[in-house]
Structure formats: C-alpha cells, structure tokens
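Q: Give me a 3D structure for the following:
(chains A and B)
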Amino acid sequence: MNWQTLVSAFFGDAHSVVRTGDLLSGSGTVGGQTVAVIGTTDHAPIGVELALAQARCVLDTVKNFPGRPILLLVDTQGQRLRYRDEMLGINRYMAHLGCCIALARERGHRVVGLVYDQALSGGFITSGLMADACYALPDAEIRVMRLPAMARVTKISEERLQQLSESNPVFAPGVQNFVAMGGIHSLWQGDLQAQLLAALAAVPHGDARAADGALRGGRKLAAAVAQRVRTEAIPA
Amino acid sequence: MNRSFAESTARERVQHLFDADSFQEILGPGARMVSPHLALLGVPSSFDDGVVVGRARLGGQTVLVAAQEGAFMGGGVGEVHGAKLVGLFQRALIEKPAAVVVLAESGGVRLHEANAGLIAVSEVMRALLDVRALGIPVLMLIGGANGCFGGMGLIARCADCVVMSDIGRLSMSGPEVIESSYGVEEFDARDRALVWRTTGGKHRFLTGDCDVLVDDDVAAFRAAALDTLPCHRALTLDAMEQEHALLADRLVRFGECTDGAQVWQALGIANPLAVPELDARGVRALQTHDSDVPA
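A: Now for the predicted structure:
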C-alpha cells in the first residue's frame, strides 16, 4: 500500500503528512487525538542523513508536543551500504534514532510502529522495533535476508531451509513469522483507522515480545533464558 | 607481561580484566543452554551460545559482565545469546551494580537464526537503555578480532562509554557486504589499511565515537574500565539534542571526505598520514574532541 493511501485511511483529509525525499513527516488527527507521523517510503536505504532526519522529527515532537503519540511508518531496504556512511559512523546515527524513540517513550509518548511495505535488518531495529508495539500489514515483507542468501551463508541448501522454515519461523522471511516470534504484535487488516485507535489505546507496558514469542511458539527459549539470567541465584 | 585482548578468549578476558577470582558465571556451560536452531541446520552448537554472562568485581566494585566469544559464529547474536544479554541488563535493574560491562565482539545478528537475532538486538537495546535510565552506567569494551558490527555496533553506541583498542573495529555493515553490493571501487574489503582507517579504533577515537583508546592489552582495558566506571550519561532531551547537534555538525565538517585520513586532516591533525603508525598513546595525544565522559 502506498503511503498516501495509508495515511488517508488513518486520518482522511485531517493530516499534514508530507514526503521530503524518502522521509515522511507530519501529523494527523483521529478520534479526537493528534498523532505525529514519522517514517520513510520507497524502500528507503537508511543512511546517516535519513537516520538523523527521523531523529529530528522525534525530538521536535518531544520538545513541541509533549505526550503526543507517535506513529512510525516503516518502509526500508535496511541501512545504506556505502563507504561514506561507515566512515561517518552510521551505527552512531542509527543508534541515536533508536535512543530518541526510547526517550519519547520514557517521557510518556505512546509509540506505535507499522511496517506497511518492507522492513529489513538495521533499518528496522532502530525504528519500528524500538516502538512500544510494532504492527504490520499482511502483505508487508520483513526479513534479514532472503533464503538464497541465507543458503550461501549457512552452506545449507535452499530446499532444506525452505523445509525447516515451515516448522520454524526463525529461518524464513515473512510477517507471520515475526508475529509468531513476538516481534510484530499483530497484523492490521480491515478497518485501519480502528486498528490504529485500538493500538494507541492498548500500548503495552514494558517489553513483552519475548513472552509473546514463547506464548505463540515462535521463540520458545528467549523469555525463559532471560528470566533465568535475571533471577538465578549466584552463590555469595 | 602484555596479554593480547584480541588473542584471548572471552573467558580469558573476563578472568584477567576483573578482580582476581571474582567472576561468577550465570547460566554457564554446565547449564548447556544451547541454540535450539543450529542443531536443525547440522551446525555445531556451544554450551554457552557464544556469550559469557555473570557478576564480577572491578576495583572492588560489583559489576555485571557479558563477554562475547568471537570464535563461536563470530559472536553472532542468536535467540539464546541475545536473551542472555537481555536477562543480564534486566538483572541490573534489580541488583543495581556499579556498572554493566560488555566485552563486545560480534558480527551482529547471527544469520543462521536471523529473525530471532534481529528482534533480540532491539530487545537488548531497550533493556540497556532501561538500565541507563536508572543511572547505572553501561561500558562497551571493543578489541576482538571480529570487531563489533551490525546490530552489536548499534548496541555499542547506546552505551554510556566505549573503550576500544587500536586494532578493534566498530561499524555497521562489514566491508565485504558493501563490496559485494557496490563493488570493489566502493569499498575494497581486502585493503586492510583502508578498513582500519574507516572502522578502526584510532578513527573512532579521533571522531569521538570511542571515548578511550588503548593498546591491545587486557591490563590496558582493565585500567580504562576502572577509569571510566563512573561514566553515566543521562538520557535527557538536552543530552539527545547535544548528540543530535554533534552528528549534524559531523555531516557538515566531514560529509565530503572520501577517506578516514581526510577526516583526520579536517580535524586539524597536522600529519594525518602518520596516524596509522602511531601507538595508542600517540593517538591519544592527538585528541581533538572533548571527551564526553566526566572525569
């Protein structure tokens, strides 16, 4: 779904969201509340400038509109794979974006992420995955790498990986697998405006993703391992 | 005697960096907490899934510790590995140690269990930032042969303080990934000098992405960790605005540079071509940025 259709589905005409390069920014009003909209489009590669521009939007929201909920719209091919970005320290720029989102949450902003097209690796970690809860459209694509590339890295045949991925969501791309692992809270289908309002009304407290992953059977060990490390007694 | 940090295992690093006999492991190899996914791929697993976590003392102060083992899957973050890191940071919220010290060595998300690793990295970031919000400092020590890349490079820059050796590397995408995407003209991954000018400890120190630069010596890392232990930086709007201004300024000052050495020149270093030959002390003497870490 393109971003214009999406934003209209949420807010009708009651929005000021614009595209500047690959950046989406603005706000919209729904159900009597104004929501800040920050994101990217056109499968944007997240380079140093785009990470910084998104961080600017988050900080401006925190500064000028305390408490205003934030909707992060995710469509990215991942971090930009260029020499210049590495030389300039792109990991610091992306971490800054993630820290700004954490700051917003810390200061009482509800932050909801939505993967509406494509979400890949690093570009996703420091945006949608830093929200209170991240959702996806059913036809969105989320992945770290495609199966052929994974086959090359792991030296395991694509057929075998395909077979494994049918029973284990860790191995294959797909929004449904990320739901099973707890990384995506749920898929938005039908009335998108109602879904957004429901998500804003039910922002989870704390990070429940590992617990969700265990409950849904997609990530069976993460929650239990974290709990053991958190609580296991150490002999004095 | 100099003990190379890079050539030590994760367990050796922990043993020699913290106070003698003070390290107590949580969920050690005896617990056999292995990756449930590697076996399905026919890949050997490790009883600690490539990360050692526990409690130790540093100069008499209690700290929580994680050390990634680069020799196992390049220190890649999988489901169990990531959950151990998350659990350690959550433990810090309860125990309130003097600091959480991470000896980071990782290529990032472990591609064999990529989806779980991706989510885990963001869980670690959130748990780490919760710890910082409580006022507990988080230190990253980077000096392993595999560097600190991808998701782990993001996690590292969420910490209060980064210590690197001159042979340590910190970045996002590995040079091989960039070369395979855009060709050898974009980034020649076999040009080791170029790789270090772009991602190495000296470059990161001179630009301020690394707070303390040390030699490849476990004792030097220990001394730096002791020095920087009280390095808490508040996560406030003002602090984020400062960070933002620094990063925006960097684009203006160095955005046109096409090589690390050009960045050093723009920083005002008289003889940038000599930097690769300097030892850590020599590079420290060139320091052009104000350390963000309070003394």
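
Q: what residues are up against the one residue in chain B that gets nearest to chain A?
A: Chain B approaches chain A most closely through B:G87 (2.7 Å), counting by C-beta to the nearest C-beta. Just so you know, the C-beta spots here come from the backbone N, C-alpha and C atoms, and that holds for glycine as well. The contact partners of B:G87, by C-beta atoms under 8 Å, 6 or more residues apart in numbering or on different chains, come to A:225-230, B:26, B:53.

Q: a helix runs through it, doesn't it?
A: Yes. Membership of B:G87 in a helix is supported by DSSP: H, G, I helix; E, B strand; the rest coil.

Q: where does it sit relative to B:V283, distance-wise?
A: 36 Å (C-beta to C-beta, to the nearest Å).

Q: ok, the nearest residue to B:R157 once chain neighbours are set aside - contacts?
A: Excluding the flanking residues, the one nearest B:R157 by C-beta to C-beta, 6 or more residues apart in numbering or on different chains is A:A95, at 3.6 Å. By C-beta under 8 Å, 6+ apart, A:A95 lies in contact with A:126, B:125, B:154-158.

Q: Beyond the helix or strand that contains A:A95, next helix or strand please.
A: A:A95 is part of helix A:90-106 when elements are defined by DSSP states H and E. Downstream of helix A:90-106, the next assigned helix or strand under DSSP H and E is strand A:111-115.

Q: next one: that next one to chain centre, how far?
A: The chain centroid and the centroid of strand A:111-115 are separated by 6 Å under C-alpha atoms, centre = their mean, to the nearest Å.

Q: for stretch A:105-114, same thing?
A: Per C-alpha atoms, centre = their mean, the centroid offset for stretch A:105-114 relative to its chain is 12 Å.

Q: Which positions in it come out as buried?
A: A:105-106, A:109-114 (16 or more other C-beta atoms under 10 Å in any protein chain shown).

Q: Next, give me the two most distant ones among these.
A: A:E106 and A:L114 (21.3 Å; C-beta to C-beta).

Q: Closest approach to chain B from chain A, which residue is it?
A: A:V229 (2.7 Å).

Q: so which strand or helix has that residue?
A: Counting by DSSP H and E, A:V229 is found in helix A:222-231.

Q: Could you list the buried residues of that helix?
A: A:222-230.

Q: Give the other helices and strands that that helix contacts.
A: helix A:209-216, helix B:79-95, helix B:114-133 (3 or more C-beta pairs under 8 Å, 6 or more residues apart in numbering or on different chains; DSSP states H and E).

Q: Ranking helices and strands of chain A by mean pLDDT, which lands last?
A: Least confident helix or strand of chain A, by mean pLDDT, DSSP states H and E, is helix A:147-154 with a mean of 78.

Q: ok, then the element right after that one?
A: That would be, after helix A:147-154 and using DSSP H and E, helix A:158-167.

Q: Report the angle between that following helix and helix B:114-133.
A: Here helix A:158-167 runs at 60 degrees with respect to helix B:114-133, directions being taken by axes from the mean of the first three to the mean of the last three C-alpha atoms, to 10 degrees.

Q: count of neighbours near the closest residue to A:V144 other than its chain neighbours?
A: Take A:V144 and drop its neighbours on the chain: the residue closest to it by C-beta to C-beta, 6+ apart is B:A114, 3.6 Å away. By other C-beta atoms under 10 Å in any protein chain shown, 27 other residues sit near B:A114.

Q: before we move on, what about A:A51?
A: 29.

Q: Report the mean confidence score over the helix or strand where it lies.
A: Taking DSSP H and E as the criterion, A:A51 maps to helix A:48-64. Helix A:48-64 shows a mean pLDDT of 98.

Q: what about that helix, distance to the chain center?
A: Using C-alpha atoms, centre = their mean, the offset of helix A:48-64 from its chain centre is 16 Å.

Q: what pairs with the following helix or strand past that helix, and is each one parallel or antiparallel?
A: For helix A:48-64, the following helix or strand on the C-terminal side (DSSP H and E) is strand A:70-74. Strand pairing for strand A:70-74, determined by DSSP bridges: strand A:33-40 (parallel), strand A:111-115 (parallel).

Q: For the longest one, buried residues please.
A: Going back to what we said before, that points to strand A:33-40. So, applying 16+ other C-beta under 10 Å, buried residues of strand A:33-40: A:35-40.

Q: Mind putting these into a markdown table with pLDDT?
A: Formatted as a markdown table, these follow (pLDDT from 0 to 100):
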| residue | pLDDT |
| --- | --- |
| A:V35 | 98 |
| A:A36 | 98 |
| A:V37 | 98 |
| A:I38 | 98 |
| A:G39 | 98 |
| A:T40 | 98 |
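
Q: Return the closest of the residues you listed with respect to B:A245.
A: Among the buried residues of strand A:33-40, A:I38 lies closest to B:A245 (C-beta to C-beta), at 19.4 Å.

Q: bridging residues for that closest one?
A: A:S25, A:L72.

Q: Would you check how far apart A:G123 and A:D191 are?
A: 28 Å.

Q: Quick check: closest non-adjacent residue to A:D42.
A: A:D22 (5.6 Å).

Q: What confidence value was assigned to B:C231?
A: 86.

Q: Would you mind giving the secondary structure of it?
A: Of the three states, B:C231 takes coil according to three-state DSSP.

Q: Was I right to think it contacts B:D160?
A: Yes. Assessed by C-beta atoms under 8 Å, B:C231 is found in contact with B:D160 at 4.9 Å.

Q: one step back: how big is the angle separating the helix holding A:A95 from helix A:48-64?
A: For helix A:90-106 against helix A:48-64, the angle by the same axes, to 10 degrees is 20 degrees.

Q: Dump the C-alpha coordinates for helix A:90-106 into CSV.
A: Provided in CSV are the C-alpha atoms of helix A:90-106 (Å, rounded to 0.1, in the frame of the first residue of the first chain):
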residue,chain,number,x,y,z
ILE,A,90,26.3,5.3,10.6
ASN,A,91,25.9,3.0,13.6
ARG,A,92,26.0,6.0,15.9
TYR,A,93,23.4,7.9,13.7
MET,A,94,21.1,4.9,13.8
ALA,A,95,21.6,4.3,17.5
HIS,A,96,20.8,8.0,18.0
LEU,A,97,17.4,7.5,16.3
GLY,A,98,16.7,4.5,18.5
CYS,A,99,17.7,6.4,21.6
CYS,A,100,15.4,9.3,20.6
ILE,A,101,12.5,6.9,20.3
ALA,A,102,13.3,5.4,23.7
LEU,A,103,13.4,9.0,25.1
ALA,A,104,10.0,9.7,23.7
ARG,A,105,8.6,6.6,25.3
GLU,A,106,10.4,7.4,28.6
